[in-house]
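Undergrad: Fold the following.
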Amino acid sequence: MNTKSIIKYTIFAGLWATLLIPFYVANTMFFPYITGKNFAFRIIIEIIFGLWVYLAYIDEKYRPKFSWVTISVAVFVFIMAIADFFAVNPTKAFFSNFERMDGWITLIHLLMYLLVFGAMMKTEKIWMWFFRSFAICSVIMSGLAIHEYILTKDRVAGPLGNADYLALYFVFGVFITLILLYKDVIAQGYNSFIKFFSNWLTYIYVIVAGLSLYGLWLTGTRGAIIGFLGGLIVAAIIVAIFEKQNIFLKYSAWTVLVIIFVLIGGFLSIKNTTFVKNNQTLERFATISWSAVQGEGQARQYVWAMAIKGIKEKPVLGWGQEGFNYVFNKYYDPRMYSQEQWFDRAHDTPLDVAVAGGILGLIAYLSIFVAVLWLAWKRRKQIGVMDSALLVGLLAAYFAQNIFIFDNLSSYLLFYMVLAYVYSQDIANREIALPSKNTKHVPNPDIANYIIAPILIVILGTTIWYFNYKPIEANRTLIASMQQQSEGVTQNLQLFQDAIAMNTFGTPEIREQLVNITPQIVQSSSIDTSVKQNFADFTYTQMQDQVAHTPLDARYQLFAGVFLDNMQQYQLASAYLQKAVSLSPTKQTIIAELVKNESYLGQYDQALALAEKEYNLDTSDTDAQSDYVAALVLNGKESTATQLFGASILTGNQSVTRSYLILASADLAKNDKTDALAEVNKAIAANATFKTQGQGIITGIQNGTVK
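TA: Numbers count the residues shown, from 1 in each chain. Take a look at the predicted model:
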């Protein structure tokens, strides 16, 4: 086998290996469902892209050809590069973090993936084998989903770690299997009812599609199921209207439409029955309500409004990728007080793209769909109406699902697989129409072997080292730093220092874990004081560095302030918390921390003003209510608290207990034991669970051990 063949088959092996990525769970890494898959994808793509560049030089038939598919994707990647360059946080925009592994670095790898995929997969035959391989993978994924459901009786997530991600995988599984059914059965002459069911492949593909459909059902993902039905309706309508030659397909399309609408009508007629309520997926559909905000899913009505405000503020190029958290904090809706506090996505892909890349980015993103749909439909005579209809339906289902969720690597892989399929079909059809060349350029082997190959090796080695190996090592070191070490916590500190010293895009997340762990270390009675001090000093230095690097991120300002509050460094914490509130003026959780800080500093009137503001942002927020009552107590206004909320508001309230103790501490600072004891007794009277601890404090005050 010559060098060209070895390179070619190695590239094919890499492309087929991407089918296995969704199954990979890196249990030894931080965010195991995300990081392992993405690092594996990047390394595979970097290797096969380098090989493809070499192959394209020595054999022109593998060189990229003009297609609106690749042009639209390249324009999108280019515009996002500009947007990321001018982003609020350019580093994160380009490299993302461990939790998402997105950013521009993912976009450029996907473009590389598309170019290699489209250039190498040059025949219908090889594409069908790739689709068959994917169908086999979807069967395995279905088996894993069924097994998980048997064990948990809950929504399944599989090795993707998220039910929404898994649902979209199965949507592609159904449509790709339908394409295979058309190509391998119907297009081969089995185009009547009797012939169709006389082919054994029919039963294989029906079973495969059925397993994917059942897996989709087990995810209970409403957006994906609605998107799937919508895509199926679109495909069926296209076939029903435009299929002129194959009557079997035309009637089948009408039958599918009738079945879908009967199923929808039947569901609506029984949605309030016990049968529906006892079925997890049906019950989720029956309780869909735009006004009932429950959990992350239905909080979208708040988050989408914030995204739109962010787009209006930066309409041209947006905030850069991974910039939505700035929008979320700045335009935070106080009604989300009981929801997740750190949304980093709008949970709507078009909105996320518009926030990240502005209107230009959104137009470029939508142009990808326009190009693919146009080419798929334009070439329906060559590839068949059914093939075009299924591609259009699949893209419609994908786009509909993305209105309620954001992309991830598994969905990117499937979407770019379809893009590559349309791209290869496009260039293949145009190459057939072009006259053959009588002369071919013969590449210089010396240039290929002594210039191009060494350059590619150096670039490949650099990218794998810097963009993959170092972050992987930092990630694994982080995991080790969070685990118990035989050498003791001194080793944990060293591991944190080692992970941060690697200076990767994961450093902010490493610092987050550090700031979470350090208070536990400091409060431990079994750890040496010098070790505690080293931990605290290092953490403070790292939070200073992080805040300096991302001064407009309320998240890190808050984390720094909370850390210092936990270390009882209230004066130092105040500046960070003040900044956090200025960056996110309507987020109750941030204001609450500043209220606590002002209370510890003895700034009772400021604490009361802030607590009142926190409460008035949304009076149904019980935590804000407690903070307001506690601030009233600090200011000697218990009567006002009882007038507003009733006498019971002072009973069993931990925030009120804290206020009495703060007052007692202030009295002790003035050497007034009598008033201090009175405040502690108030705390005991208001909170029965505090009695034992309170009696201990009273004893300490009396014998002088508590000061």
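
Undergrad: I figured Tyr412 hits Leu107, correct?
TA: No: assessed by C-beta atoms under 8 Å, Tyr412 is found out of contact with Leu107, at 9.0 Å. All C-beta spots, glycine's among them, are computed from the backbone N, C-alpha and C.

Undergrad: quick one, strands of the stretch 1-150 of the chain?
TA: Taking DSSP state E, counting those that start in this stretch as the test, none of the stretch 1-150 of the chain falls into strands.

Undergrad: just the helices in it please.
TA: 3-17, 35-58, 68-85, 90-95, 103-120, 124-152 (DSSP state H, counting those that start in this stretch).

Undergrad: shaky segments in the protein?
TA: Confidence mapping of the chain against pLDDT under 70 gives the ranges 1, 289-298, 429-442.

Undergrad: Now do the contacts for the most centrally placed residue in the chain.
TA: Note on the chain: the residue nearest the mean C-alpha position is Arg100, at 5.1 Å, using C-alpha atoms, centre = their mean. By C-beta atoms under 8 Å, 6 or more residues apart in numbering, the contact list for Arg100 reads Ile34, Glu322, Asp344, Asn408.

Undergrad: Quick check: the gap between it and Trp377.
TA: Per C-beta to C-beta, to the nearest Å, Arg100 is found 34 Å from Trp377.

Undergrad: same question, Thr3
TA: In terms of C-beta to C-beta, Thr3 sits 41 Å off from Trp377.

Undergrad: okay, now Gln497: neighbour count?
TA: 16 (other C-beta atoms under 10 Å).

Undergrad: other SSEs contacting the helix or strand where Ile684 lies?
TA: Taking DSSP states H and E as the criterion, Ile684 maps to helix 673-686. The helices and strands touching helix 673-686, judged by 3 or more C-beta pairs under 8 Å, 6 or more residues apart in numbering; DSSP states H and E, are helix 654-669, helix 691-703.

Undergrad: Helices of the stretch 501-650 of the chain, start to end?
TA: Assigned by DSSP H, counting those that start in this stretch, the helices in the stretch 501-650 of the chain fall at 507-523, 529-549, 554-566, 570-583, 588-600, 604-617, 622-634, 638-645.

Undergrad: Ser212: which of those helices is closest?
TA: Closest approach to Ser212 among the helices of the stretch 501-650 of the chain (C-beta to C-beta): helix 507-523, 34.3 Å.

Undergrad: helices or strands next to that closest one in the packing?
TA: Using 3+ C-beta pairs under 8 Å, 6+ apart, the elements in contact with helix 507-523 are helix 470-481, helix 489-501, helix 529-549, helix 554-566.

Undergrad: Share the number of residues neighbouring Ala609, please.
TA: Residues contacting Ala609 under the criterion other C-beta under 10 Å number 14.

Undergrad: Oh, that last question was meant for Tyr450, not what I typed.
TA: Neighbourhood size, Tyr450 [other C-beta under 10 Å]: 11.

Undergrad: With Ala371 instead?
TA: Applying other C-beta under 10 Å, we find 22 residues neighbouring Ala371.

Undergrad: Am I right that it is in contact with Ser72?
TA: Yes: using C-beta under 8 Å, Ala371 is in contact with Ser72, at 4.3 Å.

Undergrad: follow-up on the earlier one: distance of the residue nearest to the centre of the chain relative to Ser655?
TA: Using C-beta to C-beta, Arg100 is found at 35 Å from Ser655.

Undergrad: same check, this time on Ala676
TA: 19 Å.

Undergrad: ok, the two, which is more surrounded?
TA: Neighbour totals were compared for Ala676 and Ser655, and Ala676 leads with 24 against 20 (other C-beta under 10 Å).

Undergrad: residues contacting the more buried one?
TA: Going by C-beta under 8 Å, 6+ apart, Ala676 touches Ala664, Ser665, Asp667, Leu668, Ile701.

Undergrad: Leaving out sequence neighbours, find the closest residue to the fourth one.
TA: With C-beta to C-beta, 6 or more residues apart in numbering as the criterion, Leu668 has its nearest non-adjacent residue at 4.8 Å, and that residue is Ala676.

Undergrad: for Val633, same thing?
TA: Ser659 (4.2 Å).

Undergrad: do Leu650 as well
TA: Distances taken as C-beta to C-beta, 6+ apart place Ala686 nearest to Leu650, at 5.0 Å, with adjacent residues excluded.

Undergrad: could you measure the one you found against Ala666, distance?
TA: With C-beta to C-beta as the criterion, Ala686 and Ala666 are 18 Å apart.

Undergrad: same thing with Asn27?
TA: For Asn27 relative to Ala666 (C-beta to C-beta), the value is 50 Å.

Undergrad: More neighbours: which of these two?
TA: Set side by side, Asn27 and Ala666 show more neighbours around Ala666, with 17 against 8, by other C-beta under 10 Å.

Undergrad: Contact partners for that one?
TA: Contacts for Ala666 (C-beta under 8 Å, 6+ apart) come out as Gly602.

Undergrad: likewise Ser620?
TA: Contacts for Ser620 (C-beta under 8 Å, 6+ apart) come out as none.

Undergrad: how close does it sit to Asn444?
TA: 75 Å.

Undergrad: Also Ala624?
TA: Remark: distance between Ala624 and Asn444 (C-beta to C-beta) = 73 Å.

Undergrad: Tell me which of these two has more neighbours.
TA: Higher neighbour count among Ala624 and Asn444: Ala624, with 25 against 13, using other C-beta under 10 Å.

Undergrad: tell me the contacts of the more buried one?
TA: Tyr337, Gln588, Ala592, Ala611, Glu614, Tyr615, Leu617, Asp618.

Undergrad: and Gly488, how many neighbours?
TA: For Gly488, the neighbour count with other C-beta under 10 Å is 13.

Undergrad: go on, Ala560?
TA: Neighbourhood size, Ala560 [other C-beta under 10 Å]: 26.

Undergrad: Could I get the contacting residues of Leu495?
TA: Shown in contact with Leu495 (C-beta under 8 Å, 6+ apart): Thr477, Leu478, Ala480, Ser481, Gln485.

Undergrad: switch to 10 Å and redo it
TA: Leu495 makes contact with Arg476, Thr477, Leu478, Ile479, Ala480, Ser481, Met482, Gln483, Gln485, Glu487, Ile510, according to C-beta atoms under 10 Å, 6 or more residues apart in numbering.

Undergrad: I'd like those laid out as JSON lines, including distance to Tyr62 and neighbour count.
TA: Below are the contacts of Leu495 laid out as JSON lines (distance: C-beta to C-beta, whole Å; neighbours: other C-beta atoms under 10 Å):
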{"residue": "Arg476", "distance to Tyr62": "37", "neighbour count": "17"}
{"residue": "Thr477", "distance to Tyr62": "40", "neighbour count": "22"}
{"residue": "Leu478", "distance to Tyr62": "41", "neighbour count": "26"}
{"residue": "Ile479", "distance to Tyr62": "41", "neighbour count": "17"}
{"residue": "Ala480", "distance to Tyr62": "43", "neighbour count": "15"}
{"residue": "Ser481", "distance to Tyr62": "45", "neighbour count": "22"}
{"residue": "Met482", "distance to Tyr62": "46", "neighbour count": "17"}
{"residue": "Gln483", "distance to Tyr62": "47", "neighbour count": "9"}
{"residue": "Gln485", "distance to Tyr62": "51", "neighbour count": "14"}
{"residue": "Glu487", "distance to Tyr62": "53", "neighbour count": "9"}
{"residue": "Ile510", "distance to Tyr62": "42", "neighbour count": "27"}
